[in-house]
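Q: The amino acid sequence is not available; the structure is as follows:
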């Protein structure tokens, strides 16, 4: 009986232990949900920032490449080596960048989202260590031990693209004291790759179903008086047309008219009432899903191949047939003609996400056989495969002069009267090639700040502008012909010095300095702009603000000890006065401090942080040294 009692006691103790562990894990999970992002010791933050910068830069590169090439980073040899299986973004004789066709010889070649994800992950993994340069610049001050391999996970989500790095590192000082262990890092790209891809795939599937581009092409031929189709004239003089002239005219019509095609349920530019034909024929509903922040455009470049065969023909010419009247009507001559065409040409389609400023390309060929849309292909000639160039070879292949005008993009008094700015460093990127073009300067009249330079050929490149005191700016553009492009840079104000004081919950009016074993993470955000800082500061991390106007910011700060345990914080909307911020030498932040932040009180403080912050002074701008 005594033994049974002892067993019962052990069982009860075991159940209590299990319940305690379960309760501990549950509470820890709940705290984790509300805990701010992981905070590392200040001396380690430069390593963390460097790792995040590499992850963000490589992720952005991968996203731009798959967007430029329809989902590919490494193009399969059977596509890259077959000129008829892709379109080139450069003319013959100039090194090329290729966009694979999504439909080719009866095959659906639309890459899957999983394929795109794998391509991006492989690209980042292969280059991440090289980007870090083995963390060489930090190894003189720290002992850095790798505890595992580099692994990248890309998540193609509806509203953004998070990229997670798994690369466990242990950081210790030169004396061997362990400072931190970094296991995973995550950056979130604003690009909505999945949503752009989904719309692109819907357009390709609709083209295979509706053959809309083929119908538009035949409409252009039938409606143009310079291209013979089917007609008659009362004349005894034969009608004659050069096939080369027909091809050249069709090239021009395709370039100008395909740009008018709009995709329904997207954010397209409304068709004016003065263009009823465009309204009724060039708005194409490809899906019932609405894409309010996206547009789609269609491009044919006159330098791309266009195959045209007309029948009947007289070699390089087309001629009308003549009929003559009989007897008393012998003086009457009738010229009549009816031609059928085989046509093949490539089209580049670009889906543009206005919300994230991201573009996604894909390509296909328009196929017409005897005036009828078709999905079978024609024999094609084989061209010599061109190898990829070096950056200098590509950048030296300049084809067109383009003028870049640079402006400050903050309007004056609500009026879009933008101010010209000079000294902007301008570069042009086409896929993996980046070409530095020079700085904008004041024109001779002093009216505009401009740079006129010869650009390398690219159907869809990225024009970038950089200047100290401004956020980097970029626009997507093509360089297939001379033009003028405007680039707008956002002015910013950097504040390098900032301090934080804490207010105990028993007396919110009293302020105390931050203790040596405490750290404050500072996050200041508004749509399209964010900045981050740490206090006390041991790294050069300035806070940046939009300049030349008053803007609302969400300020969120967390006060933790060096173990990452929550001690207090601040959360509120702050609207600094630009007249003060312009001359700011320092900013003083205030945070709520919980003197008993343990257990349930941690959760209570986190949940009610915004309400607690009402009693705390808002950030102070100090304009004197």
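A: Done, it's in. Predicted, not measured: the structure shown is a model, and the values here were computed from it.
Q: Show the contacting residues for the residue nearest to the spatial centre of the chain.
A: Centroid check for the chain by CA atoms, centre = their mean gives residue 358 as the closest residue, at 3.2 Å. Residue 358 makes contact with 63, 67, 190, 191, 192, 193, 196, 352, according to CB atoms under 8 Å, 6 or more residues apart in numbering. (C-beta placed from N, C-alpha, C; glycine too.)
Q: With residue 65 instead?
A: 72, 73, 123, 431, 432.
Q: Give the buried residues for the helix or strand that it is a member of.
A: For residue 65, the element it lies in under DSSP states H and E is helix 45-68. Using 16 or more other CB atoms under 10 Å as the test for burial, helix 45-68 gives 45-48, 50-51, 54-55, 58-68.
Q: Then stretch 105-116?
A: Those would be 109, 110, 111, 116, for stretch 105-116 by 16+ other CB under 10 Å.
Q: Report the mean per-residue pLDDT for that stretch.
A: If you average the pLDDT over stretch 105-116, you get 86.
Q: just the buried members of the contacts of residue 358?
A: Neighbour-count burial (16+ other CB under 10 Å) is assigned, among the contacts of residue 358, to 63, 67, 191, 192, 193, 196, 352.
Q: how about the helices in the stretch 351-500 of the chain?
A: 391-395 (DSSP state H, counting those that start in this stretch).
Q: do the chain as well
A: For the chain, the helices defined by DSSP state H occupy 2-34, 45-68, 77-80, 113-132, 193-210, 212-223, 243-257, 276-281, 391-395, 578-581, 600-607, 609-612.
Q: between these, which gets the lowest average pLDDT?
A: helix 2-34 (a mean of 54).
Q: pretty sure residue 187 contacts residue 54?
A: No: applying CB atoms under 8 Å, one finds residue 187 not in contact with residue 54, separated by 9.6 Å.
Q: would TSV of the helices of the chain with distance to residue 594 be doable?
A: Below are the helices of the chain laid out as TSV (distance: least, CB to CB, whole Å):
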stretch	distance to residue 594
helix 2-34	14
helix 45-68	24
helix 77-80	61
helix 113-132	38
helix 193-210	41
helix 212-223	63
helix 243-257	66
helix 276-281	63
helix 391-395	55
helix 578-581	30
helix 600-607	5
helix 609-612	9
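Q: looking at those helices, which is closest to residue 367?
A: Minimum separation from residue 367 across the helices of the chain (CB to CB) falls at helix 212-223, 6.8 Å.
Q: quick one: that closest one to helix 243-257, angle?
A: Calculated by axes from the mean of the first three to the mean of the last three CA atoms, to 10 degrees, helix 212-223 forms an angle of 120 degrees with helix 243-257.
Q: picking up where we left off before, now, among the contacts of residue 358, which is nearest to residue 253?
A: For the contacts of residue 358, the minimum distance to residue 253 (CB to CB) is 23.7 Å, reached by residue 352.
Q: where are the low-confidence patches of this structure?
A: 1-38, 90-96, 323-332, 376-389, 410-417, 431, 506-508, 538-540, 564, 597-603 (pLDDT under 70).
Q: domains in it, as residue ranges please.
A: 1-34, 41-72+111-189, 193-373, 391-490, 493-622 (automatic domain parsing).
Q: Could you provide those in JSON lines, with additional columns for distance to residue 97?
A: Putting these into JSON lines (distance: least, CB to CB, whole Å) gives the following:
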{"stretch": "domain 1-34", "distance to residue 97": "45"}
{"stretch": "domain 41-72+111-189", "distance to residue 97": "7"}
{"stretch": "domain 193-373", "distance to residue 97": "10"}
{"stretch": "domain 391-490", "distance to residue 97": "4"}
{"stretch": "domain 493-622", "distance to residue 97": "30"}
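Q: Residue 99: which of those domains is closest?
A: Nearest to residue 99, of all the domains of the chain, is domain 193-373, at 4.5 Å by CB to CB.
Q: ends of the closest one, how far apart?
A: Chord length of domain 193-373, first to last residue, is 31 Å (CA to CA, to the nearest Å).
Q: rewinding a little: out of the contacts of residue 65, which one sits closest to residue 241?
A: residue 431 (39.8 Å).
Q: Show me the strands in the stretch 251-400 of the chain, by range?
A: Assigned by DSSP state E, counting those that start in this stretch, the strands in the stretch 251-400 of the chain fall at 262-263, 283-284, 294-299, 307-311, 317-319, 321-324, 333-338, 340-353, 358-369, 372-373, 398-408.
Q: I'd like to know which of the contacts of residue 65 is nearest to residue 266.
A: Residue 266 lies nearest to residue 72 out of those, by CB to CB, at 24.2 Å.
Q: what's the closest of the strands of the stretch 251-400 of the chain to residue 573?
A: Closest among those, using CB to CB: strand 398-408, at 25.9 Å.
Q: quick one: strands adjacent to that closest one?
A: Sheet partners assigned to strand 398-408 using DSSP bridges are listed as strand 419-420 (antiparallel), strand 449-456 (antiparallel), strand 483-489 (parallel).
Q: List the contacts of that strand.
A: 91, 94, 418-422, 424, 426, 437, 440, 448-457, 463, 465, 467, 470, 479-489, 491, 548.
Q: what about residue 163, neighbour count?
A: Each residue near residue 163 was counted by other CB atoms under 10 Å, and the total is 23.
Q: for residue 210, same thing?
A: 14.
Q: Of all the strands paired with strand 398-408, which one comes closest to residue 365?
A: Of all these, it is strand 449-456 that lies closest to residue 365, at 25.5 Å by CB to CB.
Q: residues of stretch 126-141 that come out buried?
A: Residues of stretch 126-141 classed as buried under the neighbour-count rule (16+ other CB under 10 Å) are 128, 132, 135, 138.
Q: from those, which single one is nearest residue 250?
A: residue 128 (47.8 Å).
Q: Name the nearest residue to residue 264, sequence neighbours excluded.
A: Nearest residue to residue 264 in three dimensions, chain neighbours excluded: residue 285, at 3.7 Å (CB to CB, 6 or more residues apart in numbering).
Q: ok, now residue 477?
A: Spatial nearest neighbour of residue 477, excluding adjacent residues (CB to CB, 6+ apart): residue 463 at 5.2 Å.
Q: what bridges to the one you found?
A: Those that pair with residue 463 in a beta bridge, by DSSP bridges, are residue 428, residue 475.
Q: could I get the buried ones among the contacts of residue 358 as a markdown table with distance to residue 155?
A: Putting these into a markdown table (distance: CB to CB, whole Å) gives the following:
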| residue | distance to residue 155 |
| --- | --- |
| 63 | 12 |
| 67 | 17 |
| 191 | 12 |
| 192 | 12 |
| 193 | 10 |
| 196 | 15 |
| 352 | 22 |
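Q: export the contacts of residue 358 to JSON lines and tack on distance to residue 170?
A: Formatted as JSON lines, the contacts of residue 358 follow (distance: CB to CB, whole Å):
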{"residue": "63", "distance to residue 170": "31"}
{"residue": "67", "distance to residue 170": "37"}
{"residue": "190", "distance to residue 170": "32"}
{"residue": "191", "distance to residue 170": "33"}
{"residue": "192", "distance to residue 170": "36"}
{"residue": "193", "distance to residue 170": "34"}
{"residue": "196", "distance to residue 170": "40"}
{"residue": "352", "distance to residue 170": "44"}
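Q: if we take the buried residues of stretch 105-116, which one ends up nearest to residue 271?
A: residue 110 (29.0 Å).
Q: From residue 84, how far out is the closest one?
A: Applying CB to CB, to the nearest Å, the value for residue 110 to residue 84 is 18 Å.
Q: Quick one: residues contacting residue 208.
A: Contacts of residue 208 by CB under 8 Å, 6+ apart are 103, 108, 375.
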